[in-house]
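Student: the following block contains a protein sequence and its predicted model.
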Amino acid sequence: MTASIKYDTNLAMGLGLIDETKVLLDAWEPPMSAPELYEVILESGALSRISAYRLRNIVVRAFGNRYLTDDGKPASALKHLVTALPASQLEQLFYLYTARANRIFADFVRQVYWPAYQSAASFLTKAMAETFIWRAIDDGKTPSRWADGQVMRVGRYLTGCCTDFGLLGPPSTAGRPLRSFSIEPDVVTYLAYDLHFKGIGDNTLLSHEDWSLFGLERQDVLEALKRNSLKGHFIVQAAGDVVRIDWKHRGMEALCDVLAQG
């Protein structure tokens, strides 16, 4: 982890926020800022069940941090897809951006969820989440030493966020059950293009840390891309450790238009 990136408690503003994100994407128009979007939503009453204070936190500290980064490119891409993709695919894209925006959640998934999943554990417990946080505190990954209550709350946020995105089931006395979770084919294509348009080279792209959010290692990614090449989005050529990808679509907007058509 980069030394300057510290874990925060932004998940307290909202976990998966799947329904709210769909509403906000529908209302958002480029180049609207998060405060401007908040005013639009507040005036429209589209999320009137939420208090104004909480709504502002959701829009600015959750939606803004997840989807309005990089000049709003994530929101622009997802706005094309929000009414077109099946829920399972859309939610995996929300999961990707939520993990990117919340380093503590991404590291929890990589360091706790996937090892538990691969060892065939049945449940992920509250104690496992809190142990992860205490270790992070000891390693200096938080801006200050969190109190016991804060650790308990953040532990609930982490496991609750996993439940919202389908990695875990609802809580029980034994913990939260691990659920089968695998990346959707169109999400493979979306993520590969997203990394490509960020300027990441073909060989490096296969080992990017974003794939590990879906439990994929380099060889898994290569095989997934080869399977998806049959859909005509790209051509993958691999010889030994060298991989070359011929990309068909010239921008995320073009890709999203094709994905939206099914």
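Tutor: All right, it came through fine.
Student: use CA for all of it now, contacts and neighbours both
Tutor: Will do.
Student: list of residues touching the helix or strand harbouring F108?
Tutor: Using DSSP states H and E, F108 maps to helix 103-108. Residues outside helix 103-108 that contact it (Cα atoms under 8 Å, 6 or more residues apart in numbering): 5-8, 99-100, 129, 132, 158, 213.
Student: pull the most distant pair out of those.
Tutor: I5 and A129 (19.8 Å; Cα to Cα).
Student: more neighbours: those two, which one.
Tutor: Higher neighbour count among I5 and A129: A129, with 21 against 12, using other Cα atoms under 10 Å.
Student: setting aside sequence neighbours, what's the nearest residue to the more buried one?
Tutor: Leaving out its chain neighbours, the residue that sits closest to A129 by Cα to Cα, 6 or more residues apart in numbering is G155, at 5.1 Å.
Student: where's that neighbour relative to I245, distance?
Tutor: 40 Å (Cα to Cα, to the nearest Å).
Student: which one's more surrounded, the two?
Tutor: Taking neighbours as other Cα under 10 Å, G155 and I245 compare with G155 leading, 23 against 17.
Student: who touches the more buried one in this structure?
Tutor: G155 neighbours (Cα under 8 Å, 6+ apart): 126, 129-130, 133.
Student: of the residues you listed - the most surrounded one?
Tutor: I133 (24 neighbours).
Student: next up, the contacts around that one.
Tutor: 151, 155.
Student: can you pull the pLDDT of it?
Tutor: pLDDT for I133: 98.
Student: mind saving the C-alpha coords of stretch 196-208 as CSV?
Tutor: Below are the C-alpha coordinates for stretch 196-208, written out as CSV (Å, rounded to 0.1, in the frame of the first residue of the first chain):
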residue,chain,number,x,y,z
HIS,A,196,-6.4,0.0,-21.3
PHE,A,197,-7.7,3.5,-21.6
LYS,A,198,-5.8,4.5,-18.5
GLY,A,199,-2.7,3.8,-20.5
ILE,A,200,-1.8,0.5,-18.9
GLY,A,201,0.1,-1.8,-21.2
ASP,A,202,-1.3,-5.2,-22.3
ASN,A,203,1.2,-7.2,-20.3
THR,A,204,0.9,-5.2,-17.2
LEU,A,205,-2.9,-5.0,-17.5
LEU,A,206,-3.2,-8.7,-16.8
SER,A,207,-1.6,-8.4,-13.4
HIS,A,208,-3.4,-5.2,-12.3
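Student: quick one, helices of the stretch 51-200 of the chain?
Tutor: All helices of the stretch 51-200 of the chain, identified by DSSP state H, counting those that start in this stretch, fall at 52-56, 64-67, 73-81, 87-101, 103-108, 114-118, 126-138, 148-164, 185-197.
Student: make a markdown table from the ones you listed and add distance to S44 to it.
Tutor: Listed next are the helices of the stretch 51-200 of the chain as a markdown table, based on distance: least, Cα to Cα, whole Å:
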| stretch | distance to S44 |
| --- | --- |
| helix 52-56 | 12 |
| helix 64-67 | 19 |
| helix 73-81 | 18 |
| helix 87-101 | 24 |
| helix 103-108 | 32 |
| helix 114-118 | 41 |
| helix 126-138 | 38 |
| helix 148-164 | 26 |
| helix 185-197 | 31 |
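Student: H208: which of the ones you listed is closest?
Tutor: Among the helices of the stretch 51-200 of the chain, helix 185-197 sits nearest to H208 (Cα to Cα), with 8.3 Å.
Student: which elements pack onto that closest one?
Tutor: Counting contacts by 3 or more Cα pairs under 8 Å, 6 or more residues apart in numbering; DSSP states H and E, helix 185-197 is packed against helix 87-101, helix 202-205, helix 218-229, helix 252-261.
Student: can you rerun that using 10 Å?
Tutor: Helix 185-197 sits against helix 73-81, helix 87-101, helix 202-205, helix 218-229, strand 234-239, strand 242-247, helix 252-261, with contacts defined as 3 or more Cα pairs under 10 Å, 6 or more residues apart in numbering; DSSP states H and E.
Student: and the angle for the first one with helix 252-261?
Tutor: When you say that, I think you mean helix 73-81. 30 degrees (axes from the mean of the first three to the mean of the last three Cα atoms, to 10 degrees).
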